[in-house]
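K.L.:
Just need the structure, nothing else, for what follows:
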Amino acid sequence: MPDIEYFYSAHSAFAYLGSARLMEIAGAAGATIVHKPVDLLRVMVDSGAGSTRERGDRHRDYYFGREIERWAEWRDAPVVTGMPTYHWNDTTLANGVLIAGIQQGQNMDHLAHRMLEAHWRDDADLADGETLRTLAREVGLDPAPLLDAALSPEVAAVYLANTEEAIRRSVFGSPTYFVDGDMFYGQDHLEFVERALKQPFQGTWPRKNS
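P.N.:
Got it, this is the predicted structure:
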């Protein structure tokens with residue numbers, strides 16, 4: 001059974017909307033979710049997608065407003081009204097906690113989901129260490145070793161490597177999933193991911209000119 005490579009950031013709206021479904025699909029298929037938290041702003045800028053702050057009001061109102069509302073209803077994943085209060089805070093600590101957990105041999109599925117949920121449903125500040133401690137405890141993890149390592153050089157090196165890998169592999173947003181090298185952008189393609197785990201799609205990725 002192939003793994004699901006999962007490129008995302010701990011504060012990503014659409015990663016949150018797909019998170020529970022991703023775990024459901026992986027569990028049913030017996031697949032492992034390979035978490036690869038990235039510096040999402042750098043990925044988006046380097047890919048040419050640009051920062052969401054720089055997009056027009058109409059684009060933001062639709063894509064980060066109406067689309068989120070509809071998918072939240074469809075996925076039964078409640079969200080705050082508008083952008084979370086702390087959405088533009090630095091995500092390095094939160095993503096570092098996830099990477100530290102991976103390096104320490106922990107399963108990060110539930111903590112990643114709880115971070116996303118806390119940010120988008122509960123308006124939590126993922127740049128706050130005490131908030132992250134609480135979330136780790138809620139999913140049965142000891143927060144101390146995670147927070148102690150989150151900003152270490154070793155974790156920073158993995159964070160950079162994940163980000164550069166994402167750029168190299170044509171990732172331009174969060175979440176992006178890979179199954180056997182085939183890329184699926186956006187939680188709205190999770191049903192494609194589910195199918196790919198059982199039967200690969202025809203064709204190849206990346207394209208020769210990508």
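
K.L.:
Identify the spatial nearest neighbour of Asn162, chain neighbours not counted.
P.N.:
Once flanking residues are discounted, Asn162 sits nearest to Lys36: 4.5 Å by Cβ to Cβ, 6 or more residues apart in numbering. Backbone N, C-alpha and C define where each C-beta goes, glycine included.

K.L.:
So what touches stretch 86-102?
P.N.:
Outside stretch 86-102, the residues that touch it by Cβ atoms under 8 Å, 6 or more residues apart in numbering are 9-11, 35, 37-40, 53, 108, 111-112, 115, 119, 123-129, 132, 136, 141, 145-152, 155-156, 158-159, 162.

K.L.:
host element of Ala157?
P.N.:
Element membership for Ala157, per DSSP states H and E: helix 153-168.

K.L.:
counting contacts, what elements does that helix pack onto?
P.N.:
Secondary-structure packing of helix 153-168 (3 or more Cβ pairs under 8 Å, 6 or more residues apart in numbering; DSSP states H and E): strand 33-37, helix 40-47, helix 92-103.

K.L.:
Quick check: mean pLDDT of that helix?
P.N.:
Averaged across helix 153-168, the pLDDT comes to 97.

K.L.:
Strand partners (parallel or antiparallel) of whichever helix or strand comes after that helix?
P.N.:
The element immediately downstream of helix 153-168 (helix or strand, assigned by DSSP H and E) is strand 176-179. Neighbouring strands of strand 176-179 in its sheet, by DSSP bridges, are strand 4-8 (antiparallel), strand 182-185 (antiparallel).

K.L.:
Would you mind checking the average pLDDT for strand 176-179?
P.N.:
98.

K.L.:
Also stretch 30-41?
P.N.:
Rounded mean pLDDT across stretch 30-41 is 96.

K.L.:
Can you measure across it, start residue to end residue?
P.N.:
Chord length of stretch 30-41, first to last residue, is 32 Å (Cα to Cα, to the nearest Å).

K.L.:
quick one: that stretch to chain centroid distance?
P.N.:
6 Å (Cα atoms, centre = their mean, to the nearest Å).

K.L.:
same question, stretch 110-130
P.N.:
Counting by Cα atoms, centre = their mean, stretch 110-130 comes out at 12 Å from the chain centroid.

K.L.:
what does it rub up against?
P.N.:
By Cβ under 8 Å, 6+ apart, stretch 110-130 touches 8, 10-13, 15-17, 19-20, 23, 35, 77-80, 84-87, 89-91, 93-94, 97-98, 101, 131-132, 135-136, 138-141, 147.

K.L.:
got a list of contacts for the helix holding Ala157?
P.N.:
7, 36-39, 42-43, 46-47, 92, 95-96, 99-100, 102-103, 149, 176.

K.L.:
angle of it against strand 33-37?
P.N.:
Angle of helix 153-168 versus strand 33-37, following axes from the mean of the first three to the mean of the last three Cα atoms, to 10 degrees, is 100 degrees.
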